[in-house]
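1. quick check, what structure comes out for this input:
(4 chains)
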Protein chains: 4
Amino acid sequence: MDNLKVAVIGGGSSYTPELIEGLIKRSKELPVREIYLVDTQEGKAKLDIIYGLTKRMINKAKLNVKVYKTLNRKEAIKDADFVITQLRVGGLKARASDERIPLMHNTIGQETTGAGGFAKALRTIPVILDICRDIEKLSPKAWLINFTNPAGIITEMVLKHTNVKTIGLCNVPINMVKNIAKILDVDCNRVKIDFAGLNHMVYGKKIYLDGEDATTFVLEKMGDGSEINMKNIPDLKWDTDFINALKMLPCPYHRYFYMSDEILNEEIQGLKENKGTRAQQVMEIEKNLFERFKDLNLNEKPKELEKRGGAYYSDAAISLISAIYNDKEEIHTVNVMNNGAISSMPDNVVVEVNAVVSKLGAKPIAIGELPVKINGLVQQVKSYEILTIEAGLTGDYYTALMALSTNPLVPSVTTAKKILDDILLENQDYLPQFNIEK
Amino acid sequence: MDNLKVAVIGGGSSYTPELIEGLIKRSKELPVREIYLVDTQEGKAKLDIIYGLTKRMINKAKLNVKVYKTLNRKEAIKDADFVITQLRVGGLKARASDERIPLMHNTIGQETTGAGGFAKALRTIPVILDICRDIEKLSPKAWLINFTNPAGIITEMVLKHTNVKTIGLCNVPINMVKNIAKILDVDCNRVKIDFAGLNHMVYGKKIYLDGEDATTFVLEKMGDGSEINMKNIPDLKWDTDFINALKMLPCPYHRYFYMSDEILNEEIQGLKENKGTRAQQVMEIEKNLFERFKDLNLNEKPKELEKRGGAYYSDAAISLISAIYNDKEEIHTVNVMNNGAISSMPDNVVVEVNAVVSKLGAKPIAIGELPVKINGLVQQVKSYEILTIEAGLTGDYYTALMALSTNPLVPSVTTAKKILDDILLENQDYLPQFNIEK
Amino acid sequence: MDNLKVAVIGGGSSYTPELIEGLIKRSKELPVREIYLVDTQEGKAKLDIIYGLTKRMINKAKLNVKVYKTLNRKEAIKDADFVITQLRVGGLKARASDERIPLMHNTIGQETTGAGGFAKALRTIPVILDICRDIEKLSPKAWLINFTNPAGIITEMVLKHTNVKTIGLCNVPINMVKNIAKILDVDCNRVKIDFAGLNHMVYGKKIYLDGEDATTFVLEKMGDGSEINMKNIPDLKWDTDFINALKMLPCPYHRYFYMSDEILNEEIQGLKENKGTRAQQVMEIEKNLFERFKDLNLNEKPKELEKRGGAYYSDAAISLISAIYNDKEEIHTVNVMNNGAISSMPDNVVVEVNAVVSKLGAKPIAIGELPVKINGLVQQVKSYEILTIEAGLTGDYYTALMALSTNPLVPSVTTAKKILDDILLENQDYLPQFNIEK
Amino acid sequence: MDNLKVAVIGGGSSYTPELIEGLIKRSKELPVREIYLVDTQEGKAKLDIIYGLTKRMINKAKLNVKVYKTLNRKEAIKDADFVITQLRVGGLKARASDERIPLMHNTIGQETTGAGGFAKALRTIPVILDICRDIEKLSPKAWLINFTNPAGIITEMVLKHTNVKTIGLCNVPINMVKNIAKILDVDCNRVKIDFAGLNHMVYGKKIYLDGEDATTFVLEKMGDGSEINMKNIPDLKWDTDFINALKMLPCPYHRYFYMSDEILNEEIQGLKENKGTRAQQVMEIEKNLFERFKDLNLNEKPKELEKRGGAYYSDAAISLISAIYNDKEEIHTVNVMNNGAISSMPDNVVVEVNAVVSKLGAKPIAIGELPVKINGLVQQVKSYEILTIEAGLTGDYYTALMALSTNPLVPSVTTAKKILDDILLENQDYLPQFNIEK
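-> A predicted model of the protein is given here:
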């Protein structure tokens, strides 16, 4: 296996240049020979732009890599060694509605963990399932590296319902490490974190500097966390008493769960002031980005991309692929089957934890029970995730209602129902599994 | 053991006449010879009234039972066979503040499961712990029958931190059975329910009529549940689609969790309209009740008591005591150590389930895992309960903040902190374990 | 359901008269109107004898019950309310070989828990599975009351692989209660035992007299247990130091596990002295019994039956049926799905514990973790049981070898293989699932 | 921490030269500056010899390492960075009695997992506990690397009852890897094994060659295993049908459990033929070894040491220390707290599994449930281990009897008692915790 074929599904995404940069950076250790960029008809214009930029980047790096663009997914998947899914069913337009609909019902419009993420899951599950059926037939030994959000839900769906070898990836843990390193003003490989939880609901149980427990020190230094937020999360300060009480590092997305009322108020205020949702802001950024990408003189990842919010995907994804290919037995924070790693959660659910990555895939490192402080919330979100997978696969209205009612960001079943009905109506083109007339 | 001594702590409560009625009704099978009504100095006036009524009731029934009133708890506990705790630390005045403080911060003011119940737990834990220390010394073989809310939290605290044999009791399950019987228009002993969950968070997993599974039929008949609510719960209709999705019977208190926004709005509206909280309504009812109790011609439980919201405590409590005394091996729904009964919960937490009651106490009947539909919420509330017990015992501010932040009815840590600070200030006389100056 | 039909499969068994006696004794509470005695062609002669005796017993009791004999199992099962399986595939001849084969290889020849029981399980699983398929079609609401040994294995197989409602029954627990009552010289309803374990591997964790813990006292009184053995178990004394160490009541069959070397020596000695195995002794007893049953003047269960070793099946089985029919919510010790009752065992394995029996079947009472003293042995035997079920269903040679090697009474895999090969050869007529030529 | 101090307790052991060789080999990455060899008065003569050889080895390697010999344990432990325990309480003489006593009662005389290992555990627990108390006071940050057998029991005792950071080490897993590599005729770093189980009871669940699952292939190649046994284990062939049934790689010690009768017969035969136990053979080997060590011209580990049975301790131990010191995040197979790694075992027991070793110690990699094929046996041995620790700490006779009765190699409680009484008598000088007069 020294002529690797990589298929990037959602190849027209603005994230792709970072991926390509990552491949170029690791070209010595990772002998990729073919890159297939796949997208749908709707994404063709973007795909063309990305294809051009990719070719210019590869040429500049003088690599012997063939780049293809295609709308034919099967062609891309056939005999691939790695399939990367970074697609967005319905595009940013769907994201905008994911964020808007809940807000119309006085509910946080979060596109990955909230009601918006629920809609996204329903749209994405059938598409990823289809992709997996292709992989099962056309490249059964391929590894699926899934970025597609909600990454925990999608990864669990794939691991439970297909035979595809998959690892779910998110840039949140790596951002947390980098941010702590920034706070401490040290190189980020001196910082280690014991991660435990779920995707976008992950805690740093312990933080180590040079192999010594530095949790208390770091949390104190972190203060209200103003320095360490991520681009796409509302910029609310943490209450330092709460951090003292938690004695763990929350992830940026935890703001949605621990500051629900403030975030909701801020979002409603934003709506009133016509600020637009995050999706609308991203659309604007994307428009500019693609203008930039078109520039025939551009032959590297442009700086502007970092504003996009997906920083360090390159590091995370390509280094994961390299760890697999080179059998590195290296620790990555990924979404994998629990298998006892968190002993207070069932074996057969996906969790986000540190895992040893090698040719054998990602094996989670056991960390015992979740502290009672976080166990309840994590369990509740996991219940929501399991129900969402079931709803996404079966298209059953009542399961969908139960799932959404179980999401801690949804304030009542009455509201859940209104949001669900709006989601089903708005997304009917993407939800073949549901009988929308209900 | 055929000359039973019963100590009623909080003997001046308006619930006492129902207890006495229960004892009279079962006097054949339950040879109670001494009843000690205990209360604190603040409750002396009420205690006197209840004592008078109790004596008149016993006389009317021509029973050979001695009734005592005392402010000396130790005297009452000494050599008692059964100790019943139905006290309310701080009285209805404290309840009023429990309901008002959260509402001031736009949070549901629920006096047992919400932030109000949290305040109540903090006040109650030291008192019950003291009582248990007395029992350990003065009547180590006594059974403690605990009604005091939050009953699940209090029972878990006693079972984990003392050597007192205790069973926690609530009238919610029995009310659910009676209401289903009413809906079906059958005698209530033809209805059986598989209960699973926590106190004030209990679900009817299956409902049986004459030994046949009638769950679907009953839930359909129940419709929006208007007929089966309890006196002290806001009268909101269930969404029938939600009930279809749940496929289980929720308890009345579940409205707080599944209709949080509507209840909050209703409570805020009530506040604006100066309706007063439930505590204020109860104070009014109580005032009238005690006027009625004073009547020297009254020698039975007055009808008006039923408005009070505590219906069927008599049935529940005295029949529990009789099941123990007479070694009946009878099924009661109680709060006991889990011990595997709900296999997806830890062994050493208190759950509310069906249990076999005999001289050996209450042994829970195993029901396997909680359905994923309810597992998350129940786990979250249990995390809150465990943290609340720890906070109540240690008086640690951060643990208290963590506990309150974990309660699903509290919308943010920021709000949690405001409520906590108000609670600590308002209740400082009752919270010796906290160093309030913080 | 007031015209009950009962089908007794293995109706020609010598146990049947006791069953009939039990039905007669409870005729007031249990309106049985039809009894079908079924047997195979090989058992026809015995069936005729039992049929005659049954009719005479029913007549003497002046009951309005129709008794049928048939070789057509389907006719008996059709619309039955209760199906009782007390069959013995291969008859006592097979039992003799079950006991002899292991002994030929220096291994304990135990017909229920040892290698003999393994052979019995392989023979019995396909037959019971067939019966269950009939019940699923012809009387899907019927309760299957299974006595057939190995009862734990058979019950687990039925509960995991069919839709038949079943409860597994054994007379060991009731014998233990009766024996303890005998030791204490009290009526047996004053004795209660917390049973925990597996069939023929059940421990009395606690023993209560009149609702008080009397474990230590009883174990001391029991001494070396000479008074309380069962008819069909070698009469070895318990070491009182061991009982002091265990601090629980072992069941008679535990002798095989805790005194393996002595039992083996005794059995080998017996073989040398030509004493015959237990099967041979039972054949002799049976021969005499059936002579006795033939007596046209006999119209009740003869005293001699008690020597047979199956004492109290009547009490156990018919009172179980009555508890179901009359919805008694009565505690019986039975084989049921664990469901968390023993929290250190998986949910989906059959255990022998106290359970509440009503129209809803048998619901186990939770008892928490097994003490570490017994957990290991019980887990090992359960592993053996699970593997045996798999071997019995699939007929896979290697699974069978693994199962037998896992049985703690089998001293090595080499011996296991020899025994297995002999079992497969000897029982080939009864093992259609195995491809014996291997 | 770049001037490491290493204390070797049991420094006079014949294993020490291999340790020293390992340190020399890794001197570049592991800056050891002081080595303390500690032993007791009884071991002084050997200590002197080893001290001489160690100095000559260090001199030859031209390392700047100071070597000390001492009978004062505290001096050695003070401020040590690593403490290695390879002691043998009672020496080979005690081992000889450990192997002889059980055999006198027709029971396998195994010095680590059998009744002999039980005696060894009782002798060793108080000594290791004492050492840990010293470490807690004199070098609380030191890592304890424990080789002392029974390593699983000793490690669990330390982790449960002291605050010492410890990792338990055994050369069995590394030998299994090396042997598989030998069979495959490949370099051993191309072979990986998923280990699961307990010390001397570890299975290779899966075997990988170059990152591909090669389990079936390897097991077939292995055949009856004649090529891959270890020096100190009876040389019995595996039954290939059993290996086919197991579908996993057993460890050499599993022969004791799966071929109990054959091993017992062989040992008894050996005894009759006056072959001497393994201890006696080892005494002879040791005598010769120490003669060799004395040779002033010897300045390296002599080849003869490999016959001793402890091969690869050097690799295992020093590479473990280096992985900790250099924060390597490298996978080693060690004895650590389970913490969910084997999800069907309790969190708080020690298991032998693959773990990631870094400055933070050894974190086990989660592998889910044990296959049912091995779960029972592993659970039983773990029960035995837990009881043995309790007996070793408390000196309670009944707990000791229960422990020994639970060991699957002991054929009955009667035999257990005889062996226990002999052990207590024979070892009375080493068992201060027991009141031997009993």
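2. what does stretch A:45-65 contact?
-> A:11-14, A:16-17, A:20-21, A:23-24, A:27, A:32-35, A:37, A:39, A:67, A:69, A:71, A:290, A:293-294, A:296, A:298-301 (Cβ atoms under 8 Å, 6 or more residues apart in numbering or on different chains). Every C-beta, even on glycine, is put in place using the N, C-alpha and C of the backbone.
3. now with 6 Å?
-> The contact list for stretch A:45-65 (Cβ atoms under 6 Å, 6 or more residues apart in numbering or on different chains) reads A:11-12, A:16-17, A:20, A:24, A:27, A:32, A:37, A:39, A:67, A:69, A:290, A:293-294, A:299.
4. now swap in stretch A:9-27 and tell me
-> For stretch A:9-27, contacts defined as Cβ under 6 Å, 6+ apart pick out A:32, A:37-39, A:43, A:46-47, A:50, A:53-54, A:57, A:61, A:63, A:85-87, A:286, A:289, A:301, A:310, A:313-314, A:318, A:322.
5. report the distance from that stretch to the chain centre.
-> 15 Å (Cα atoms, centre = their mean, to the nearest Å).
6. the nearest residue to A:Lys294 once chain neighbours are set aside: how many residues sit nearby?
-> If the residues on either side of it in the chain are set aside, A:Lys294 comes closest to A:Ile49, at 5.5 Å by Cβ to Cβ, 6 or more residues apart in numbering or on different chains. For A:Ile49, the tally of surrounding residues (other Cβ atoms under 10 Å in any protein chain shown) stands at 20.
7. helix, strand, or coil at A:Ile49?
-> helix (DSSP: H, G, I helix; E, B strand; the rest coil).
8. what of A:Thr166?
-> Under three-state DSSP, A:Thr166 falls in the strand class.
9. distance of it relative to chain C?
-> Separation of A:Thr166 from chain C (Cβ to the nearest Cβ, to the nearest Å): 28 Å.
10. hang on, that residue packs against A:Val158?
-> Yes. With contact defined as Cβ atoms under 6 Å, A:Thr166 counts as touching A:Val158 (4.6 Å).
11. neighbour-wise, which of those two wins?
-> Shown here are A:Thr166 and A:Val158; by other Cβ under 10 Å, A:Thr166 has more neighbours (29 against 26).
12. what does the nearest residue to the more buried one once chain neighbours are set aside show for phi and psi?
-> Spatially, and ignoring its direct neighbours in sequence, A:Thr166 is nearest to A:Leu144 (4.0 Å; Cβ to Cβ, 6+ apart). Dihedral angles of A:Leu144 (phi, psi; degrees, to the nearest 10) stand at phi -100, psi 120.
13. what's the burial count for A:Leu144?
-> A:Leu144 has 27 nearby residues by other Cβ under 10 Å.
14. run through who's touching the lowest-mean-pLDDT helix or strand in chain A.
-> Least confident helix or strand, chain A: helix A:278-294 with a mean of 86, by mean pLDDT, DSSP states H and E. Contacts to helix A:278-294, defined as Cβ under 6 Å, 6+ apart, come from residues A:Ser14, A:Ile49, A:Leu53, A:Leu92, A:Arg95, A:Ala96, A:Glu99, A:Pro302.
15. just stretch A:302-318 next, same as before
-> The contact list for stretch A:302-318 (Cβ under 6 Å, 6+ apart) reads A:15, A:18, A:21-23, A:26, A:145, A:169, A:171, A:174, A:231-232, A:292.
16. in a markdown table: those residues, plus neighbour count, distance to C:Val413 and secondary structure.
-> Shown next, in a markdown table, are the contacts of stretch A:302-318 (neighbours: other Cβ atoms under 10 Å in any protein chain shown; distance: Cβ to Cβ, whole Å; DSSP: H, G, I helix; E, B strand; the rest coil):
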| residue | neighbour count | distance to C:Val413 | secondary structure |
| --- | --- | --- | --- |
| A:Tyr15 | 24 | 56 | coil |
| A:Glu18 | 22 | 57 | helix |
| A:Glu21 | 18 | 57 | helix |
| A:Gly22 | 23 | 52 | helix |
| A:Leu23 | 25 | 52 | helix |
| A:Arg26 | 19 | 49 | coil |
| A:Ile145 | 24 | 44 | strand |
| A:Leu169 | 29 | 45 | coil |
| A:Asn171 | 21 | 52 | coil |
| A:Ile174 | 20 | 50 | helix |
| A:Lys231 | 16 | 62 | coil |
| A:Asn232 | 16 | 60 | coil |
| A:Arg292 | 17 | 70 | helix |
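17. return the member of those nearest to chain D.
-> A:Ile174 (16.1 Å; Cβ to the nearest Cβ).
18. mind listing what the closest one touches?
-> A:Tyr312, A:Ala316.
19. can you give me the strands in chain A?
-> Ranges of strands in chain A, per DSSP state E, are A:4-9, A:32-38, A:66-70, A:82-85, A:143-146, A:165-168, A:191-198, A:201-209, A:212-213, A:330-337, A:350-358, A:361-364.
20. other SSEs contacting the third one?
-> On a contact count with 3 or more Cβ pairs under 6 Å, 6 or more residues apart in numbering or on different chains; DSSP states H and E, strand A:66-70 meets strand A:32-38, helix A:44-61.
21. buried deepest among the ones you listed, which one?
-> strand A:32-38 (a mean of 22; mean count of other Cβ atoms under 10 Å in any protein chain shown).
22. okay, now the sheet partners of it, with direction.
-> For strand A:32-38, the paired strands and their directions (DSSP bridges) are strand A:4-9 (parallel), strand A:66-70 (parallel).
23. now render these as a markdown table, adding distance to B:Ser358, mean pLDDT and mean neighbour count.
-> Below are those laid out as a markdown table (distance: least, Cβ to Cβ, whole Å; pLDDT from 0 to 100; neighbours: other Cβ atoms under 10 Å in any protein chain shown):
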| stretch | distance to B:Ser358 | mean pLDDT | mean neighbour count |
| --- | --- | --- | --- |
| strand A:4-9 | 63 | 97 | 25 |
| strand A:66-70 | 73 | 97 | 17 |
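24. for A:Ile331, find the nearest of these.
-> strand A:4-9 (22.7 Å; Cβ to Cβ).
25. relative to helix A:44-61, how tilted is the closest one?
-> 150 degrees (axes from the mean of the first three to the mean of the last three Cα atoms, to 10 degrees).
26. next one: strand A:4-9 to chain centre, how far?
-> Put simply, strand A:4-9 sits 18 Å off its chain's centre (Cα atoms, centre = their mean).
27. try stretch A:259-267
-> Mean C-alpha position of stretch A:259-267 versus that of the full chain (Cα atoms, centre = their mean) differs by 22 Å.
28. is chain B within reach of that stretch?
-> Yes. Using Cβ under 6 Å from any Cβ of the partner chain, stretch A:259-267 reaches chain B at A:Met259, A:Ser260, A:Asp261, A:Glu262.
29. can you check stretch A:245-258 too?
-> Yes. Using Cβ under 6 Å from any Cβ, a contact is recorded between stretch A:245-258 and chain B, made by A:Ala245, A:Tyr258.
30. so what touches that stretch?
-> Residues outside stretch A:245-258 that contact it (Cβ under 6 Å, 6+ apart) are A:108, A:110, A:113, A:172, A:200, A:202-205, A:229-230, A:233, A:236, A:263, B:398, B:401-402, B:413.
31. if we use 7 Å, what do you get?
-> Stretch A:245-258 has contacts (Cβ atoms under 7 Å, 6 or more residues apart in numbering or on different chains) with A:108, A:110, A:113-114, A:172, A:176, A:193, A:200-205, A:207, A:219, A:229-230, A:233-234, A:236, A:242, A:263, A:373, A:377, A:408-409, B:398-399, B:401-402, B:405, B:412-413.
32. average pLDDT for stretch A:240-251, rounded please.
-> On average, the pLDDT along stretch A:240-251 is 97.
33. can you give me the buried ones in it?
-> A:Asp241, A:Phe242, A:Ile243, A:Ala245, A:Leu246, A:Met248, A:Leu249, A:Pro250, A:Cys251 (16 or more other Cβ atoms under 10 Å in any protein chain shown).
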